[in-house]
Structure formats: structure tokens, C-alpha cells
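Undergrad: From the sequence below, what's the structure:
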Amino acid sequence: MFKRLILDSAYFLQTSQSYQATKQFVYDILENHKCKYKKYIDAFMIFLIFISVAVLIREVKYHVNDYLLFFSNYIISFIFLVEYILRLWVSSSVSEIIVQRAEHDTFLLRDVQLSKALKKVLRVKLEYIFSIQAIIDLLAIMPFFHELRLFRIFILFRVFKIFRYAKSFQTLLGVLATKKFEFLTLAMFASIVIFVSSVLIYVMEANNESSPINTLFDAVYWSIVTISTVGYGDVTAVSDEGRFVALLVITAGIAVLAFTTSLFVSAFTEKLDEIKEIKTIEDVSKLPKFYLICGYENIACEVAKKLVKDGSHIVVLDKNPENLMRAKKDGLVALEYDPGAVESYKKLHLDVEKQVEAILCLQEDDVANVYTALTIRSIYKDVYILSVLMNNNNRKKMHFAGINKVVYPQELVGLITKELVGKPVAFEVIHELRSENGDVMVDEIGVTSRIVENFTTVGELGNSDFRVVLLGVYKHTKDHFYFNPLDSTIIEKGDYLLVIGYKVFIKEFENHLHTKVRNG
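TA: Predicted structure coming up:
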């Protein structure tokens, strides 16, 4: 009966959406640094810690208001107690452990061994309880029993809780943890020096009436002060033998400091790139919307410039260091990740539906783009993927890879050529214009949502006011180029305007398209 009750409860909790959602929310605000509410919880807890310490300091010599003392002793301690219980709750899933054991035993056609599941639950909970952070949390609750004066000092352990809430402290500890063996070696060396020097100085100075070193504790204190090269001067050796020992200890202290400094520097040097990468990923996770560009070559460079000009955020993935450096010089967020590797996207922890406008595969290699698209589709089924096509023979492969839009640069040129054949404006005229003056150029202007808000038809563009000739409009919805379009031609987002004129005039005209506001 008891076993059945436990199993039913475990299955109920494991399948309850409200329970799992609540537990996930509690976990996020306590442990998940990407949760937008966590920083407010952390700031609040740090604020409580400083109040506790301030009350403790004030209480040493002055009377503290009874209400403030009650708040520090009971309210804050109760909040920390609730936090401790919640962290213990979300540290592991009891229901999941029991359900896994039940399914495992059922699969093997035997009775459910509930005792093994409960032992595992007890073990994982105890592992958390005896972890360093959990012990600090528990000690921080001790002032709750303020009647025992000794427990008041445990308020200071609340300061150590700051390490849990401050991400920078966690990063620092993570960096130093990579040098555990070296720091252990340093600690052993320093301990041996302190022990030997303490015994030596005690032997040399203890029987000297004029020496301030009379006990072993004085000797240890002197050794630590000396090896750290602090040298307070309150306890010094007076005999020649004691001074000789001091010289040896000072020399060893210099070596210890040099070793310590080198460990810190090497630890941060080795982890600097990783720290920068983590910071970049955090910045990416905070972007509301952005375009993810896979591969940063010539085409990607031009596309990125257009998108940045339209106010869009760009994130670049490229495994080539040279391309990565080029993207960073262009002011883009760039990561040295392989666009064709699943691990690259797992590291980013993207919320594709909310963050990614589209993924642009712009490597100038069809095989690489197809492989990247297949990788992306294996993770994200619904994300919009656009890819550039270098060889028209690979078009079907790209569609099979799940690419939504394939852009073949030669197609637009072909459409323009087809429309211009037999027209009054021929390519020879354009060639002559460009050859007479290098400032005359043919350029395309992508129609953005901003332009559509400002202008509805071709006639409203006002290109003649800027001495810019509009050769035609490429309609993306119809995949057709319209030469010398009528003034009533409607322009839509995604269209392209093909214009000719002086470079400076085209620039002014483009600025005009993005800044003009329609009347009424």
C-alpha cells in the first residue's frame, strides 16, 4: 500500500505540468543566469546580506532598534531558510528518480525496488547538503537562533553567500579552479616554510628575555607576517640567529609571492578567450531579434552592411579566424564556431522562435551551405533559412536540405538583361556613363519596411529630385524585373530598386528614402 502510494505520487508529480513548470521557474530564478528575474533576486539577497552585517557591526557598541534587530534575526533568517529549502528542492528530482527506478524494474519484469530509489534520493540530497555552497547557506541561517550568542557570529557567513549571487565571483573561482594542483603545491610549500621557520625562530628567540617571541603562537604569527612580506614590525627577531632565519623566510616569501602572481596571470591568460566567449554568448542571449550569418566572406560582408544600415542586429558564425577578425572589424558580434557543427548551436542556447529573424547561409561554397542547413534543420525545424547559391546545379540539393529561400546572384542579372534587350536604354549607354566618370555607378537599393512606410508607389520616390535614374524594379513576390516601371507601380518590402547616377547622389537618395515621413 505504501509502495503504491509513493509510486502514484511520483508519477503524478512527474506528469503534472503545473508542478514541473513551478519547479522550473524556481530553478530559473535561483540558478539560471539567463533568467531575466534572477538578477533581481540576487540583488535583493545581497541587499539583505549587507543589512545583516551592518546590524552586526552597529550592535557591537551601540543599541540597535528592536524592530531592525527582529528583522535581521528573524525575517532575513527566515528568507534565507526558505531559499535553502527551495535550493534543496530543485537540486534534484525525487519523482524522476523513483519513476526511473520503477520503469527500469518493470522492464526487467520484477517488482519495483523502492528502497534502492529512496537510497539514491537520500544520497543525491546529502551530496547537495554537504556541498560547500549549501553549508554556507545553512550557516547563514544560524543567527535565527540568536538567543545563543555564539550563533550571532555566523552572520558573517552570509557575506560568503555573495559568491553565489555575483556571477563575476563565480567566474573568478572557475578560473582559479583550473590551477588547483598548482595552488595545492604552493600551499604545501608555504605551510612547510611557515612550520620550519616558526620552530626555528621559537628555538632561537624564546629564551631571549628581550625578544617579543615568547610562545609558539608568537613564532607562527611572526612567520606568516614575514613570509607575506608585510612586516608589521610589532614582533621582530632580536638575536643574530633569529635575524638570519628572518632573511631566509623573507627570501622564501618573495618566491611564494612570485609563484602566486604567476599562477593568477597564467590562469587568466589561459581562460581569457573562454571568458570573452562566454560574455559574447551572454550578450547574444540578451538580443531581442537578430540575423544569424553562417560564414563571413564577400557576399556575407555586403549583406551584413545592408542589414546593419537597416538597424538589424547581426551574429556571425565562422570557423575561419581571418573571416572572424574581418567581421569583428566591421563591428559585428562574431564567434569562432563551425556553422556545420551541432555543438556550435547548443553552446549558443538560442531561443530561435523569439530571437532569430532568419539564418543566412552565405558561405561561397554550396556544399558547406547545404551541410550547414542540414545541421540547422536537425535542431530547429521551423526557423527560416536563406542561402546563397553559387552553382545552379545544386539548387535541388538546397531545397532538399530544407532551405526556405535560395538566392542565385546571376538570376537578377539575367532578368535585367532580358528586359533591357530592345529597350531605348541599352547596356552600351550605361557603359559609356561609367567610363566617362568613375563616380557614376549602377546600384541596387533594397526596399525595407521603413521605405514602405514612407512611400507606396514608384511615383512617390522622388528620384529625379536627386538626379538619380530609376532603371527598374525587381519584384521578389513575382520573381520578375520591371524595366522603367510606371509611377503607379506599388513597391513592397523585399523589392529591389535598380538605379544609376553619381555615387554621392545615390547615397543622398537612399538616405531620403529612409528618413522621409509621409504626410497625414
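
Undergrad: Following the chain past the lowest-mean-pLDDT helix or strand in the chain, name the next helix or strand.
TA: Across the helices and strands of the chain, mean pLDDT, DSSP states H and E gives its lowest value to helix 427-436, namely a mean of 46. Beyond helix 427-436 on the C-terminal side, the first helix or strand identified by DSSP states H and E is strand 440-446.

Undergrad: From the contact counts, what lies against whichever helix or strand comes after that following strand?
TA: Using DSSP H and E, the next helix or strand after strand 440-446 towards the C-terminus is helix 449-454. Packing contacts for helix 449-454, counted by 3 or more CB pairs under 8 Å, 6 or more residues apart in numbering; DSSP states H and E, involve helix 503-515. All C-beta atoms are positioned from the backbone trio N, CA, C, and that covers glycine.

Undergrad: List the buried residues for the helix it packs on?
TA: Of the residues in helix 503-515, those buried under the neighbour-count criterion (16 or more other CB atoms under 10 Å) are 505, 506, 508, 509, 510, 512, 513.

Undergrad: same check, this time on stretch 449-458
TA: Neighbour-count burial for stretch 449-458, counted by 16+ other CB under 10 Å, picks out 451, 454, 455, 458.

Undergrad: again with stretch 488-503
TA: Result for stretch 488-503 [16+ other CB under 10 Å]: buried residues 489, 491, 495, 496, 497, 498, 499, 500, 501, 502.

Undergrad: In strands only, show me the residues you listed.
TA: With strands defined by DSSP state E, the entries of the buried residues of stretch 488-503 inside them are 496, 497, 498, 499, 500, 501, 502.

Undergrad: Name the nearest residue to the second one, sequence neighbours excluded.
TA: Read it as residue 497. The spatial neighbour of residue 497 that comes closest, neighbours along the chain excluded (CB to CB, 6 or more residues apart in numbering), is residue 445 at 4.4 Å.

Undergrad: ok so, going back, want to throw the buried residues of helix 503-515 into CSV with pLDDT and distance to residue 70?
TA: As requested, the buried residues of helix 503-515 are arranged in CSV below (pLDDT from 0 to 100; distance: CB to CB, whole Å):
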residue, pLDDT, distance to residue 70
505, 84, 75
506, 86, 73
508, 87, 70
509, 88, 71
510, 86, 67
512, 86, 68
513, 87, 66
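
Undergrad: Flag the shaky bits of the stretch 101-250 of the chain, pLDDT-wise.
TA: Counting by pLDDT under 70, the stretch 101-250 of the chain contains low-confidence ranges at 143-158, 162-170.

Undergrad: which residues in it form helices?
TA: Listed in chain order, the helices of the stretch 101-250 of the chain (DSSP state H, counting those that start in this stretch) span residues 114-129, 132-141, 157-160, 162-165, 167-177, 180-205, 216-227, 240-285.

Undergrad: For residue 87, find the nearest of those.
TA: helix 132-141 (6.8 Å; CB to CB).

Undergrad: what comes up buried for the closest one?
TA: Neighbour-count burial for helix 132-141, counted by 16+ other CB under 10 Å, picks out 134, 136, 137, 138, 139, 140, 141.

Undergrad: other SSEs contacting that helix?
TA: Using 3+ CB pairs under 8 Å, 6+ apart as the contact test, the elements touching helix 132-141 are helix 76-90, helix 114-129, helix 157-160, helix 162-165.

Undergrad: switch the cut-off to 7 Å
TA: Counting contacts by 3 or more CB pairs under 7 Å, 6 or more residues apart in numbering; DSSP states H and E, the secondary-structure elements packed against helix 132-141 are helix 76-90, helix 157-160.

Undergrad: Quick one: distance of that helix to the chain centre.
TA: Distance of helix 132-141 from its chain centroid, counting by CA atoms, centre = their mean, to the nearest Å, is 27 Å.

Undergrad: For the host helix or strand of residue 375, give the mean pLDDT please.
TA: Using DSSP H and E, residue 375 sits in helix 366-379. Model confidence over helix 366-379, given as mean pLDDT, is 90.

Undergrad: Would you tell me what the next helix or strand after it is?
TA: Note on helix 366-379: by DSSP H and E, the next helix or strand toward the C-terminus is strand 385-388.

Undergrad: what separates that next one from the chain centre, distance-wise?
TA: Strand 385-388 sits 26 Å away from the centroid of its parent chain (CA atoms, centre = their mean).

Undergrad: Now the following helix or strand past it: buried residues?
TA: On the C-terminal side of strand 385-388, the nearest following helix or strand under DSSP H and E is helix 395-400. Neighbour counts over helix 395-400 (16+ other CB under 10 Å) mark 397, 398 as buried.

Undergrad: other SSEs contacting helix 395-400?
TA: If contacts are counted by 3+ CB pairs under 7 Å, 6+ apart, helix 395-400 sits against helix 366-379.

Undergrad: still on that earlier bit, now tabulate the buried residues of stretch 488-503 in a markdown table and tack on pLDDT and distance to residue 209.
TA: Formatted as a markdown table, the entries for those read as follows, by pLDDT from 0 to 100; distance: CB to CB, whole Å:
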| residue | pLDDT | distance to residue 209 |
| --- | --- | --- |
| 489 | 90 | 108 |
| 491 | 91 | 101 |
| 495 | 88 | 99 |
| 496 | 87 | 98 |
| 497 | 89 | 99 |
| 498 | 86 | 102 |
| 499 | 85 | 100 |
| 500 | 82 | 103 |
| 501 | 80 | 101 |
| 502 | 78 | 99 |
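
Undergrad: for the stretch 301-450 of the chain, which spans come out with low pLDDT?
TA: Scanning the stretch 301-450 of the chain for pLDDT under 70 picks out the ranges 409-440.

Undergrad: Now with 50, please.
TA: The model of the stretch 301-450 of the chain has pLDDT under 50 over residues 413-438.

Undergrad: okay if I get the buried residues of helix 132-141 as CSV plus distance to residue 256?
TA: Listed next are the buried residues of helix 132-141 as CSV, based on distance: CB to CB, whole Å:
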residue, distance to residue 256
134, 32
136, 28
137, 33
138, 34
139, 30
140, 33
141, 37
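
Undergrad: What is the nearest of the residues you listed to residue 39?
TA: Each of these was checked against residue 39 using CB to CB; the closest is residue 137, at 19.3 Å.

Undergrad: Now that closest one: closest residue in space that isn't a chain neighbour?
TA: Excluding the flanking residues, the one nearest residue 137 by CB to CB, 6+ apart is residue 84, at 4.7 Å.

Undergrad: Also residue 461?
TA: Across the structure, with CB to CB, 6+ apart as the measure, the residue nearest residue 461 apart from its sequence neighbours is residue 455 (5.7 Å).

Undergrad: same question, residue 183
TA: Counting by CB to CB, 6+ apart, the nearest residue to residue 183 once its immediate chain neighbours are dropped is residue 263, at 6.4 Å.
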